[in-house]
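Engineer: need a 3D model of the following:
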Amino acid sequence: MTDSKYFTTTKKGEIFELKAELNSDKKEKKKEAVKKVIASMTVGKDVSALFPDVVNCMQTDNLELKKLVYLYLMNYAKSQPDMAIMAVNTFVKDCEDPNPLIRALAVRTMGCIRVDKITEYLCEPLRKCLKDEDPYVRKTAAVCVAKLHDINAQLVEDQGFLDTLKDLISDSNPMVVANAVAALSEIAESHPSSNLLDLNPQSINKLLTALNECTEWGQIFILDCLANYTPKDDREAQSICERVTPRLSHANSAVVLSAVKVLMKFMEMLSKDLDYYGTLLKKLAPPLVTLLSAEPELQYVALRNINLIVQKRPEILKHEMKVFFVKYNDPIYVKLEKLDIMIRLASQANIAQVLAELKEYATEVDVDFVRKAVRAIGRCAIKVEQSAERCVSTLLDLIQTKVNYVVQEAIVVIKDIFRKYPNKYESVIATLCENLDSLDEPEARAAMIWIVGEYAERIDNADELLESFLEGFHDESTQVQLQLLTGIVKLFLKKPTETQELVQQVLSLATQDSDNPDLRDRGYIYWRLLSTDPVAAKEVVLAEKPLISEETDLIEPTLLDELICYIGTLASVYHKPPSAFVEGGRGVVHKSLPPRTASSESAESPETAPAGAPPGEQPDVIPAQGDLLGDLLNLDLGPPVSGPPLTTSSVQMGAVDLLGGGLDSLMGDEPEGIGGTNFVAPPTAAVPASLGAPIGSGLSDLFDLTSGVGTLSGSYVAPKAVWLPAMKAKGLEISGTFTRQVGSISMDLQLTNKALQVMTDFAIQFNRNSFGLAPAAPLQVHAPLSPNQTVEISLPLSTVGSVMKMEPLNNLQVAVKNNIDVFYFSTLYPLHILFVEDGKMDRQMFLATWKDIPNENEAQFQIRDCPLNAEAASSKLQSSNIFTVAKRNVEGQDMLYQSLKLTNGIWVLAELRIQPGNPSCTLSLKCRAPEVSQHVYQAYETILKN
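Structural biologist: Numbering: from 1, shown residues only. So this is what the prediction gives:
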């Protein structure tokens with residue numbers, strides 16, 4: 001009789017009746033009642049009121065009844081923790097039952113009851129079960145430790161269960177070993193820092209012995225554990241591979257993929273010259289091919305994994321092209337995945353076969369698949385140069401079919417073929433132009449416009465063709481509008497006389513009638529280029545284009561290496577690392593392939609790349625100022641300029657006047673003032689380093705440690721701030737601060753790699769700035785910066801670089817380059833890093849200079865919340881090279897007369913008034929270049945308050 005009767009409802013008062021039946025003396029009646037309770041629980045009825053009555057049924061020898069009661073307990077223990085304690089005694093008794101099945105059942109249920117109050121009572125029974133003579137009980141207890149660790153990690157560690165688990169790895173029973181490994185792996189994932197699975201050659205040997213005798217899931221646990229081990233040399237790697245290889249012929253696809261993962265990982269350590277390496281490659285192909293005869297869902301998972309394997313080691317499957325040919329009844333997701341792998345495996349040897357197959361697919365009924373097939377033909381042309389001719393003629397045949405979506409895809413890929421092989425296949429342009437009217441998809445229209453603009457000189461009616469697109473300009477998508485704008489500008493530069501009206505029309509449409517910022521900006525750039533310098537416009541717009549590479553959709557190498565370590569898991573299906581889709585910190589450990597050993601090729605893996613180029617070969621980030629990019633950098637990052645830009649000569653002349661050089665001019669008979677009549681405020685002139693910079697400024701201080709009165713402690717250093725967030729720099733985060741110690745200025749940087757790939761080839765360059773700050777040495781990052789790694793670097797700076805006045809004065813624009821890109825940011829440096837060590841004036845000179853500087857150059861500031869006395873303030877300021885020349889007391893106020901000198905020779909004189917007991921003090925500054933006063937005041941405030 002079936003169990004469906006338990007699910008039919010009885011009369012009212014159901015709970016009451018069940019209660020009575022549960023307390024019956026008859027065993028059969030009790031069992032029936034418990035089954036009814038479980039049935040009610042299964043359909044979602046609340047039967048928690050029966051808890052004490054059900055628990056009473058636990059004292060029984062009937063295994064079936066015990067299982068049902070335990071099932072009820074697991075479900076309701078969380079909501080009735082106080083009642084659940086009643087069951088503890090029975091658990092403890094059951095753990096000593098002569099029947100191993102009952103002992104295992106008790107320990108399994110204990111692990112599933114997630115109630116803190118009960119956990120400590122479970123420790124003793126669990127300890128006994130871990131040492132039980134029956135392997136079934138031991139293997140169940142091993143998994144229970146992982147469950148208990150999830151509830152209360154501290155308890156498990158204190159009770160020494162982890163050590164017992166480690167001992168179980170040496171157990172005589174393979175299933176116990178597999179479960180111990182599974183439990184330890186689970187615990188290690190939630191605590192990545194703990195070294196629980198302390199694998200060594202001895203323990204690996206035990207695991208490999210157990211591997212042959214476990215169940216299939218046990219084998220998966222052991223293989224996954226092996227994949228986390230790094231052999232000490234290639235001989236050990238080879239011996240592990242030899243013992244794992246038989247798993248490739250297992251019937252379970254999960255075992256096969258886990259074995260493939262181990263082999264792919266350890267192959268990294270084998271030399272390609274070894275005979276065994278070639279044998280292993282041959283052995284890997286058949287199991288992967290066999291996976292493709294499973295049902296579609298399994299095929300898809302296998303194909304996603306094969307996609308990764310083919311990118312890492314295409315030679316494994318290079319002779320197996322035919323298995324990836326699409327069957328008519330494959331679901332679309334399998335078809336698209338097979339198509340992708342076919343292109344990855346395409347080579348000169350099999351291209352004829354592939355093209356014939358792809359041409360066939362292009363006549364299918366499934367629109368998505370046909371589009372992908374046409375794209376694939378284009379990708380083959382780009383990948384296998386010898387086949388380009390055949391691919392183009394195949395595409396032309398497809399265009400002749402006049403099937404709309406086929407024609408559109410073909411035009412998109414032909415554009416890429418033109419980019420890869422310029423001046424080779426342009427004869428087909430006429431055929432493309434015939435199909436102009438049928439194009440309705442943005443990508444195809446944009447591709448066609450690009451072709452017409454790029455080859456305008458070969459197309460007689462190019463202007464008419466582009467004009468036809470212009471009629472519905474505002475209805476087009478952004479992609480088409482941008483392409484049309486560029487296309488017409490190209491046409492104008494090639495045929496200026498005939499297309500002047502057309503270009504004016506498109507420029508006004510783009511700039512005046514459009515509200516898309518990208519389109520407007522591009523329109524304005526072209527407009528200005530064309531109106532100011534047509535020659536430059538030609539060089540920019542019609543520049544040589546770089547050839548496109550064969551594989552644009554390859555996964556980047558570091559990510560690919562990580563994904564190979566996750567073969568057979570969800571990460572390998574998503575093609576994303578677990579950190580991208582696992583919420584919270586649990587279980588996300590970045591894995592990477594083992595480094596190649598000395599006997600194998602060193603240049604292959606990114607980890608062993610040479611650590612940075614020698615300093616002499618540091619690549620330029622921003623070329624010399626005369627270069628276009630250098631000027632663009634100024635244009636891009638500089639402050640907004642109002643009014644016409646000044647010419648260089650007037651800037652330089654004014655600048656010398658503006659900040660008259662050091663002491664000589666103070667003592668000399670120069671007229672007062674700073675020649676302000678030549679300048680509009682705020683002046684946009686530059687500030688050159690004074691030509692006769694006194695000794696002690698800039699680099700000479702590096703060697704002249706004795707000069708001045710500077711203290712060894714160095715000046716105040718601000719805490720590091722984030723200058724370039726990772727979001728804006730493709731994962732590179734830069735924090736930093738500036739320091740000055742015994743005459744040398746440095747920029748202290750902290751570089752953090754928050755991307756998924758290794759960063760190398762770092763270089764740095766500064767834009768021209770007010771005080772000529774420039775790197776005195778290349779940016780030395782001695783080893784590649786791995787993901788999640790941080791490195792601290794101190795970059796020495798000099799003050800002999802190019803000078804241009806910035807707004808604000810202490811603004812510094814920086815470009816940092818690495819193997820990924822060039823990144824720009826700007827930061828404000830504190831002016832006190834420019835205060836030199838020989839900035840102490842003698843008293844007479846101070847008095848004469850103070851009188852000499854006109855009163856309108858004096859600025860007064862209040863420094864609040866600064867409860868220092870004169871003595872403390874003076875010593876604090878002296879450590880940052882602000883020197884007290886004289887001190888006096890006037891009407892109870894302490895007056896400090898101070899001097900400081902900047903690296904470019906400008907002197908600043910100060911009077912600091914401190915009223916004892918008053919937290920505010922007054923600062924008066926006098927200087928021939930009053931624009932520095934505000935920044936000197938900020939330096940005072942920073943130094944005194946920190």
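
Engineer: low-confidence ranges, the stretch 51-200 of the chain, go.
Structural biologist: The model of the stretch 51-200 of the chain has pLDDT under 70 over residues 192-195.

Engineer: could you pull out the strands for it?
Structural biologist: Read by DSSP state E, counting those that start in this stretch, the stretch 51-200 of the chain holds no strands at all.

Engineer: geometric centre of this structure: which residue is closest?
Structural biologist: Central residue of the chain (C-alpha atoms, centre = their mean): residue 755, 2.2 Å from the mean position.

Engineer: what about it, distance to residue 788?
Structural biologist: For residue 755, the distance to residue 788 equals 9 Å [C-beta to C-beta, to the nearest Å]. Placement of C-beta: from N, CA and C, glycine included.

Engineer: ok, now residue 780?
Structural biologist: Here the distance between residue 780 and residue 788 works out to 21 Å (C-beta to C-beta).

Engineer: isn't there a helix covering residue 289?
Structural biologist: Yes. The assignment for residue 289 by DSSP: H, G, I helix; E, B strand; the rest coil puts it in a helix.

Engineer: might one say that it is in contact with residue 320?
Structural biologist: Yes. Assessed by C-beta atoms under 8 Å, residue 289 is found in contact with residue 320 at 5.7 Å.

Engineer: just say helix, strand or coil for the nearest residue to residue 527 once chain neighbours are set aside.
Structural biologist: Using C-beta to C-beta, 6 or more residues apart in numbering and skipping the chain neighbours, the partner closest in space to residue 527 is residue 507 (5.2 Å). Using three-state DSSP as the criterion, the local structure at residue 507 reads helix.

Engineer: what sits against residue 507?
Structural biologist: Neighbour list for residue 507: 485, 523, 526-527 [criterion: C-beta atoms under 8 Å, 6 or more residues apart in numbering].

Engineer: turn those into a markdown table, including neighbour count and distance to residue 886.
Structural biologist: Converted to a markdown table, the contacts of residue 507 look like this (neighbours: other C-beta atoms under 10 Å; distance: C-beta to C-beta, whole Å):
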| residue | neighbour count | distance to residue 886 |
| --- | --- | --- |
| 485 | 25 | 68 |
| 523 | 23 | 64 |
| 526 | 24 | 63 |
| 527 | 18 | 62 |
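
Engineer: next helix or strand past whichever strand or helix holds residue 339?
Structural biologist: Element membership of residue 339 [criterion: DSSP states H and E] is helix 332-345. Scanning the chain past helix 332-345 towards its C-terminal end, the next helix or strand to appear is helix 351-361 (assignment: DSSP H and E).

Engineer: next SSE downstream of that next one?
Structural biologist: Moving toward the C-terminus from helix 351-361, the first helix or strand encountered (DSSP H and E) is helix 367-383.

Engineer: contacts for that next one?
Structural biologist: Residues outside helix 367-383 that contact it (C-beta under 8 Å, 6+ apart) are 326, 332, 335-336, 339, 342-343, 346, 351, 354-355, 358-359, 361-364, 387-388, 391-392, 394-395, 398, 405-406, 409-410, 412-414, 416-417, 420, 548, 550-551.

Engineer: quick check: ChimeraX command selecting the buried ones in those.
Structural biologist: Remark: buried members of the contacts of helix 367-383, expressed as a ChimeraX selection using 16 or more other C-beta atoms under 10 Å:
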select :326,335,336,339,342,343,346,351,354,355,358,359,361,362,387,388,391,392,394,395,398,405,406,409,410,412,413,414,416,417,420,550
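
Engineer: state the helix or strand in which residue 465 lies.
Structural biologist: With the criterion set as DSSP H and E, the secondary-structure element containing residue 465 is helix 462-470.

Engineer: ignore what I typed, I meant residue 414.
Structural biologist: helix 404-420.

Engineer: what mean pLDDT does that helix get?
Structural biologist: Across helix 404-420, pLDDT averages out at 87.

Engineer: doesn't residue 105 make contact with residue 91?
Structural biologist: No. Proximity of residue 91 to residue 105 does not meet the contact threshold set by C-beta under 8 Å, at 9.9 Å.

Engineer: next, the closest residue to residue 719 other than its chain neighbours: secondary structure please.
Structural biologist: Spatial nearest neighbour of residue 719, excluding adjacent residues (C-beta to C-beta, 6+ apart): residue 737 at 6.6 Å. Judged by three-state DSSP, the three-state class of residue 737 is strand.

Engineer: and for residue 734?
Structural biologist: Applying three-state DSSP: residue 734 is strand.

Engineer: I figured residue 942 hits residue 832, correct?
Structural biologist: Yes. Because the distance of 7.1 Å satisfies C-beta under 8 Å, residue 942 is recorded as touching residue 832.

Engineer: pull up the overlap in contacts between those two.
Structural biologist: When contacts are counted by C-beta under 8 Å, 6+ apart, residue 942 and residue 832 are jointly contacted by residue 716.

Engineer: any idea how far residue 890 is from the residue nearest to the centre of the chain?
Structural biologist: 61 Å.

Engineer: repeat for residue 734
Structural biologist: 48 Å.

Engineer: circling back to that earlier point, could you tell me which of the contacts of residue 507 belong to helices?
Structural biologist: Secondary structure from DSSP state H places 485, 523, 526-527 of the contacts of residue 507 in helices.

Engineer: which ones are touching residue 404?
Structural biologist: In this structure, residue 404 makes contact with 438, 440, judged by C-beta under 8 Å, 6+ apart.

Engineer: do residue 834 as well
Structural biologist: Listed by C-beta under 8 Å, 6+ apart, the contact partners of residue 834 are 740, 745, 771, 799, 902-904.

Engineer: pick the one among those residues closest to residue 440.
Structural biologist: The shortest separation between residue 440 and any of the contacts of residue 834 is 59.0 Å, and it belongs to residue 771 (by C-beta to C-beta).

Engineer: count the residues that sit near the closest one.
Structural biologist: Summarising burial for residue 771: neighbours were counted as other C-beta atoms under 10 Å, giving 28.

Engineer: quick one: it and residue 902 touch, right?
Structural biologist: Yes. In this structure, residue 771 is within contact of residue 902 by C-beta under 8 Å, at 7.1 Å.

Engineer: just how off-centre is the helix holding residue 339 within its chain?
Structural biologist: The chain centroid and the centroid of helix 332-345 are separated by 28 Å, computed with C-alpha atoms, centre = their mean, to the nearest Å.

Engineer: what average pLDDT does that helix get?
Structural biologist: On average, the pLDDT along helix 332-345 is 90.

Engineer: now do that helix against helix 351-361, angle only.
Structural biologist: Direction vectors for helix 332-345 and helix 351-361, defined by axes from the mean of the first three to the mean of the last three C-alpha atoms, to 10 degrees, enclose an angle of 150 degrees.

Engineer: please enumerate residues in contact with helix 332-345?
Structural biologist: 296, 299-300, 303-304, 306-307, 310-311, 314, 317-318, 320-321, 324-326, 330, 354, 357-358, 361, 366, 368-369, 372-373, 376, 379-380, 383, 551.

Engineer: which parts of the stretch 151-300 of the chain are helices?
Structural biologist: Secondary structure of the stretch 151-300 of the chain, counting by DSSP state H, counting those that start in this stretch: helices at 153-158, 161-168, 174-190, 201-211, 216-227, 234-244, 253-267, 275-291, 296-312.
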